[in-house]
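Enquirer: Quick one, structure for this:
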Amino acid sequence: MAFDIITVEPTINAGAYSVRDVFFDMTSFNLPARACKLVNAFIEVPDSGLADDETLSVLFFQDNAGGNLASAGINNTANISLANFALNKYIGTIGMFCEENQQHPSAIDEMGFFHGTSIVSSVGLDSGDAATRRDQSLSDVSLILKANKDVSTSDHRYQMFVAAVTGIGTIDLSSATSCKLHLHVEY
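Expert: As a prediction, this is how the structure comes out:
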């Protein structure tokens, strides 16, 4: 059993995002082995404009043959067709949430963080306060990432793709144009 930390640096847009907007679109990354277990994930955003209870859905794919989630680009509503979504070989989603008391000390005032969870149920997502919704619908990260065996060149061994779509809240970033998605994997 081995462990690794993969850092993916997708492009995002400064400005306000609405619900179901693409936070970042299909971005490639490489796994250290063909199959890995995702055990933890978080996103760091170099902007202090994140607020409590904002959420993202981070989607993992084996391919990018179907293209991006939004034809108009990031910070626009996801509108990929079902056929193109299938061509991308979707394998799973993790939820990411921002919670003020989970943020780092004020020494890092210019950073915001989303913390990863697995989505296990949609029960309670539209009722009650945000803390209750989160407790009823999210658990620890646990997702198997497995690269497409057909996409393995010397430059892109065990290549996968990741994208993120906004969920609850209106994410408003004043200056960030990139973020870092950190994936902790076991293989």
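Enquirer: Quick one: end-to-end distance for stretch 82-98.
Expert: Counting by Cα to Cα, to the nearest Å, you get 29 Å between the two ends of stretch 82-98.
Enquirer: go on, stretch 71-86?
Expert: For stretch 71-86, the end-to-end distance is 16 Å (Cα to Cα).
Enquirer: Offset the numbering so it begins at 55, please.
Expert: New numbering, starting at 55: the last item is stretch 125-140.
Enquirer: for the chain, what's the longest strand?
Expert: strand 89-99 (DSSP state E).
Enquirer: continuing past that one, what's the next helix or strand?
Expert: Next helix or strand after strand 89-99 toward the C-terminus (DSSP states H and E): strand 109-115.
Enquirer: circling back: kindly calculate the angle that the longest strand of the chain makes with strand 109-115.
Expert: Interaxial angle, strand 89-99 versus strand 109-115 (axes from the mean of the first three to the mean of the last three Cα atoms, to 10 degrees): 140 degrees.
Enquirer: May I see the buried residues of strand 89-99?
Expert: 90, 91, 92, 94, 95, 96, 97, 98, 99 (16 or more other Cβ atoms under 10 Å). To be clear about C-beta, it is placed using only N, CA and C from the backbone, and glycine gets the same treatment.
Enquirer: and residue 136, what are its phi and psi?
Expert: Phi and psi for residue 136, reported as degrees, to the nearest 10, are phi -60, psi -40.
Enquirer: Off-centre distance for stretch 138-157?
Expert: 4 Å (Cα atoms, centre = their mean, to the nearest Å).
Enquirer: Could you look up the SS state of residue 140?
Expert: helix (DSSP: H, G, I helix; E, B strand; the rest coil).
Enquirer: can you give me how far the longest strand of the chain is from the chain middle?
Expert: 9 Å.
Enquirer: could you say what helices and strands that strand packs with?
Expert: strand 109-115, strand 144-151, strand 166-173, strand 197-200, strand 234-240 (3 or more Cβ pairs under 8 Å, 6 or more residues apart in numbering; DSSP states H and E).
Enquirer: let's go with 10 Å and repeat that
Expert: If you count contacts as 3 or more Cβ pairs under 10 Å, 6 or more residues apart in numbering; DSSP states H and E, strand 89-99 packs onto strand 57-62, strand 76-84, strand 109-115, strand 144-151, strand 166-173, strand 197-200, strand 213-220, strand 234-240.
Enquirer: Would you single out the least confident of those strands?
Expert: Looking at the helices and strands packed on strand 89-99, the lowest mean pLDDT belongs to strand 166-173 (a mean of 64).
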